[in-house]
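Undergrad: Based on what follows, work out the 3D shape:
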Amino acid sequence: MSRLGLAGSDEIGIRLRLVIAEYDHDEHGALRYLARKHEFAGRLVALISAREARRCAQ
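TA: Numbering: from 1, shown residues only. Predicted coordinates:
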């Protein structure tokens, strides 16, 4: 974990939140809101946006 640094742990946290968001509507809404407000770094916003796009495509 120490090799990942802070950015790596942030990405892991977002990925875990994305898994939770699949089952929790409130978490899904919170992530979408934060991504649209650009509260996260660009790569993390891209992860959230890509997941949202895949979700809408299904």
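
Undergrad: List the buried residues for the helix or strand bottoming out on mean pLDDT in the chain?
TA: Lowest by mean pLDDT, DSSP states H and E among the helices and strands of the chain is helix 5-21, with a mean of 83. Neighbour counts over helix 5-21 (16 or more other CB atoms under 10 Å) mark 11, 14, 17-18, 21 as buried. Quick note: C-beta positions are derived from backbone N, CA and C, even for glycine.

Undergrad: Likewise for stretch 34-49?
TA: Neighbour-count burial for stretch 34-49, counted by 16+ other CB under 10 Å, picks out 34-35, 40, 44-45, 47-48.

Undergrad: Now the nearest residue to His38 once chain neighbours are set aside: which helix or strand?
TA: Distances taken as CB to CB, 6 or more residues apart in numbering put Val45 closest to His38, at 6.1 Å, once the chain neighbours are dropped. Per DSSP states H and E, Val45 falls inside helix 42-57.

Undergrad: starting at the chain centroid, how far to that helix?
TA: How far helix 42-57 lies from its chain's middle: 7 Å, per CA atoms, centre = their mean, to the nearest Å.

Undergrad: can you check stretch 31-46 too?
TA: What separates the centre of stretch 31-46 from the centre of its chain is 7 Å, taken as CA atoms, centre = their mean.

Undergrad: quick one: Arg55 and Gly8, what's the gap?
TA: Taking CB to CB, to the nearest Å as the measure, Arg55 and Gly8 are separated by 24 Å.

Undergrad: Gly42 now?
TA: Distance, Gly42 to Gly8, using CB to CB: 15 Å.

Undergrad: Any regions of this structure where pLDDT drops low?
TA: Along the chain, the parts satisfying pLDDT under 70 run over 1-7.

Undergrad: circling back to that earlier point, so which pair among the buried residues of stretch 34-49 is furthest apart in space?
TA: Spatial extent of the buried residues of stretch 34-49 (CB to CB) is set by the pair Leu34 and Leu47 at 11.9 Å.
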